[in-house]
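Asks: Below is the sequence, then the predicted model.
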Amino acid sequence: MMAVRSCLGVKFGVSGLLSQLTSSTRHHGSRPCVSPILTPQHRNTSSSSTSSKVKVDLDQNTGVAVMHMQSPPVNSLSLDFITELCISLEKLEMDKGCRGLIITSSQPKVFSAGLDILEMYGKSPERCGEFWKSVQELWLKLYSSNMVTIAAVNGSSPAGGCLMALTCDYRIMADNPAYSIGLNETQLGIVAPFWFKDTLMNTIGLRNSEMALQLGLLYKPQDALKVGLVDQVVPEDQVLPAAVKSVNKWLAVPEHARQITKSMMRKSTIDRLTSNREADIQNFVSFITRESIQKSLRGYMELLKQKKA
Ligand SMILES: CC/C=C\C/C=C\C/C=C\CCC/C=C/C(=O)SCCNC(=O)CCNC(=O)[C@H](O)C(C)(C)COP(=O)(O)OP(=O)(O)OC[C@H]1O[C@@H](n2cnc3c(N)ncnc32)[C@H](O)[C@@H]1OP(=O)(O)O
């Protein structure tokens, strides 16, 4: 896993997305979904790949993959989990037969609990830096994906979990008032970095973001819908079917045009991080290792335990 991790930063760097998209050899629009040599009877209709924390089912007829996050208990984004997610995403991005991706959770009641707090508490600066680089990598991969991406938010999705959903093209949330979504970092005594803020602002606008971020708001599904944090709220058992319906709608648009438009909309936000990655890592490490911040994180973890008792 260490060797794979150290490759991630080099091999999977995101750059020149717009030029990639305009190159006729790279965009999905020029790729047939199924090898022309195969007759319909001989086609593989689906394939499945599972690592310990990520299960991917790809339907080769539709070109749509469903990525199930399965890192118990709450899909918190540890370095190992993020590494697996990045590897799965990279494979799908390079797969000519995959054009759409639905991200969902296999864990009950939770989409993702966000960044694994234990990765930010009591760790060496080197380890914190490695962790943050992986968080950047995951965001870059998702936000710059050529695929149509749909978040099927079938549970709570605070902080980094909300960010993952925000990177997608469309968000569908289960209509269950026990669930919530939002960037609640300030409630932990920490600060959402500029690219979290940018992603939120691109979705719900400046004023709503200002309130959401300063207050660390977690929205119930219906409130998230009102503010535009999610695009659709459906009964819990309809989240996946609704995501499939949506992905097909997005895939019906001429692919090259959609991809270039997506890149055009997101490029300046992506460039801001890619041109500041190292400084952003240093900033994170010096912030998170401060004694006062470590104290806040410890207090928050104790609160989580008390809530359980
Ligand atoms: C000048 C400075 C400028 C800029 C700043 C520079 C840099 C930026 C600095 C920092 C940026 C950091 C950005 C951080 C982003 C994050 O994502 S932080 C994580 C935030 N997450 C949360 O707040 C979620 C907390 N969890 C919950 O609310 C709930 O667990 C849940 C709603 C997700 C699920 O509830 P339940 O189903 O009831 O489950 P439990 O609460 O019982 O949890 C089960 C188990 O899991 C542990 N856990 C929960 N969340 C996390 C987590 N995020 N990380 C690690 N572990 C988690 C929980 O403690 C329980 O453990 P056990 O008690 O069973 O051991």
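Replies: It's in.
Asks: What parts of this structure come near the ligand?
Replies: Neighbours of the ligand within the chain, by C-beta under 6 Å from any ligand atom: 73-74, 76, 109-110, 113-118, 156, 158-160, 184-185, 188, 190-193, 283-284, 287-288, 304-305, 308. All C-beta spots, glycine's among them, are computed from the backbone N, C-alpha and C.
Asks: Tell me where the model's unsure across this protein.
Replies: 1-44 (pLDDT under 70).
Asks: Now with 50, please.
Replies: 1-43 (pLDDT under 50).
Asks: Find the centremost residue of it, please.
Replies: The centre of the chain sits closest to residue 164, judged by C-alpha atoms, centre = their mean, with a distance of 2.6 Å.
Asks: got a list of what it touches?
Replies: 77, 103, 111-112, 138, 142, 151, 157 (C-beta atoms under 8 Å, 6 or more residues apart in numbering).
Asks: cool, residue 154 as well?
Replies: 104-105, 111, 173-174, 236, 239-240.
Asks: ok so, going back, toward the C-terminus, what is the element adjacent to the helix or strand where the residue nearest to the centre of the chain lies?
Replies: Remark: residue 164 resides in helix 160-167, with elements defined by DSSP states H and E. Next helix or strand after helix 160-167 toward the C-terminus (DSSP H and E): strand 170-174.
Asks: For residue 172, give me its contacts.
Replies: Listed by C-beta under 8 Å, 6+ apart, the contact set of residue 172 reads 150-153, 230-234, 239, 242-243, 246.
Asks: ditto for residue 151
Replies: 102-104, 111, 164-165, 168, 170-172.
Asks: between these, which is nearest the ligand?
Replies: residue 111 (8.7 Å; C-beta to the nearest ligand atom).
Asks: just how off-centre is stretch 191-199 within its chain?
Replies: Counting by C-alpha atoms, centre = their mean, to the nearest Å, stretch 191-199 is centred 14 Å from the centre of its parent chain.
Asks: Tell me which residues of it come out buried.
Replies: When burial is assessed from 16 or more other C-beta atoms under 10 Å, stretch 191-199 yields the following buried residues: 191-193, 195-199.
Asks: what's the burial count for residue 167?
Replies: Residue 167 has 21 neighbouring residues, counting by other C-beta atoms under 10 Å.
Asks: Spit out the contact partners of the closest residue to it other than its chain neighbours.
Replies: Nearest non-adjacent residue to residue 167, counting by C-beta to C-beta, 6 or more residues apart in numbering: residue 142, 3.7 Å away. Each residue near residue 142 by C-beta under 8 Å, 6+ apart is listed here: 89, 149, 164, 167-168.
Asks: how far off helix 160-167 does the helix or strand containing residue 142 point, in degrees?
Replies: Here residue 142 sits within helix 125-143, counting by DSSP H and E. Helix 125-143 and helix 160-167 are oriented at 30 degrees to each other (axes from the mean of the first three to the mean of the last three C-alpha atoms, to 10 degrees).
Asks: Can you name the element that comes right after helix 125-143?
Replies: strand 148-153.
Asks: Does anything pack onto the helix or strand following that following strand? Which helices or strands?
Replies: Using DSSP H and E, the next helix or strand after strand 148-153 towards the C-terminus is strand 157-158. Counting contacts by 3 or more C-beta pairs under 8 Å, 6 or more residues apart in numbering; DSSP states H and E, strand 157-158 is packed against strand 181-182.
Asks: Please list the residues outside the helix or strand that the strand it packs on is followed by that contact it.
Replies: Using DSSP H and E, the helix or strand that follows strand 181-182 towards the C-terminus is helix 194-204. Here helix 194-204 makes contact (C-beta under 8 Å, 6+ apart) with 136, 139, 143, 163, 166-167, 183, 185, 192, 209, 212-213, 227-229, 265-266, 269, 272-273, 280.
Asks: Going through the residues you listed, which ones are buried?
Replies: For the contacts of helix 194-204, a neighbour count by 16+ other C-beta under 10 Å gives the buried set as 136, 139, 143, 163, 166-167, 183, 185, 192, 209, 212-213, 227, 229, 266, 269, 273, 280.
Asks: And residue 65, which helix or strand is it part of?
Replies: strand 64-69.
Asks: for that strand, packing partners?
Replies: Counting by 3+ C-beta pairs under 8 Å, 6+ apart, strand 64-69 packs on strand 54-59, helix 79-94, strand 100-105, helix 239-251.
Asks: taking those together, which one is wrapped up most tightly?
Replies: Most buried of the helices and strands packed on strand 64-69, by mean neighbour count (mean count of other C-beta atoms under 10 Å): strand 100-105, with a mean of 25.
Asks: That one versus helix 79-94: what angle between them?
Replies: 160 degrees.
Asks: Mind giving me the packing neighbours of strand 100-105?
Replies: Secondary elements touching strand 100-105 (3+ C-beta pairs under 8 Å, 6+ apart): strand 64-69, strand 148-153, helix 239-251.
Asks: In CSV, could you pull the C-alpha coordinates for the second one?
Replies: Meaning strand 148-153. C-alpha atoms of strand 148-153 as CSV (Å, rounded to 0.1, in the frame of the first residue of the first chain):
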residue,chain,number,x,y,z
VAL,A,148,-20.7,12.0,-15.2
THR,A,149,-20.6,11.7,-11.5
ILE,A,150,-23.7,11.3,-9.2
ALA,A,151,-23.6,11.2,-5.4
ALA,A,152,-26.3,8.8,-4.1
VAL,A,153,-26.2,10.2,-0.5
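Asks: Cool, thanks, talk later.
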